[in-house]
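Enquirer: Here is the input, now give the coordinates:
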Amino acid sequence: MDDVAVLSSFDKYTTFSFGGVTLTFRTCNNLDRYTKVKLWDNGYIEVMAKYRNRPEEIEEYIDLDPVLKGLYMDKDSFLGPIKGVRIEYA
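Expert: Purely as a prediction, here's the structure:
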């Protein structure tokens, strides 16, 4: 699956990996894990997430555009080849 990126989390961080590049950015302290990708739209991700302090899953939104801008990465060249996102935990 060369055109699918991987979303994950650990501690207070989210990771987004594709093509040998892993973006790591801060997220909520209480995030337990992402459970389902609902939408991938060229850097915008809708996901379901489970938090330690809530019994139900919550819909969350991740926008990679500000992350990529902060790293001076070209959005189109990095995100262009990505056709989907899957969640993966070790």
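Enquirer: I87: what's it in contact with?
Expert: For I87, the contacting residues are 6-8, 33-37, 47, by CB atoms under 8 Å, 6 or more residues apart in numbering. Backbone N, C-alpha and C define where each C-beta goes, glycine included.
Enquirer: try 6 Å
Expert: Counting by CB atoms under 6 Å, 6 or more residues apart in numbering, I87 makes contact with 7, 34.
Enquirer: cool, and N30?
Expert: The contact partners of N30, by CB under 6 Å, 6+ apart, come to 51-53.
Enquirer: And those residues, which is closest to G84?
Expert: Distance from G84 was checked for each of the contacts of N30 by CB to CB. The minimum falls on Y51, at 24.5 Å.
Enquirer: For that closest one, give its distance to D32.
Expert: Here Y51 is placed at a distance of 6 Å from D32 (CB to CB, to the nearest Å).
Enquirer: picking that back up, of the contacts of N30, grab the buried ones for PyMOL.
Expert: PyMOL command restricting these to the buried ones, with burial defined by 16 or more other CB atoms under 10 Å:
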select buried, resi 51
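Enquirer: Just send the contacts of N30 back as TSV, with distance to G20 and pLDDT too.
Expert: Written out in TSV, the entries for the contacts of N30 read as follows (distance: CB to CB, whole Å; pLDDT from 0 to 100):
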residue	distance to G20	pLDDT
Y51	31	94
R52	31	92
N53	35	91
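Enquirer: pLDDT of the helix or strand where I62 lies, averaged?
Expert: In the assignment (DSSP states H and E), I62 maps to strand 58-63. Strand 58-63 shows a mean pLDDT of 96 in the predicted model.
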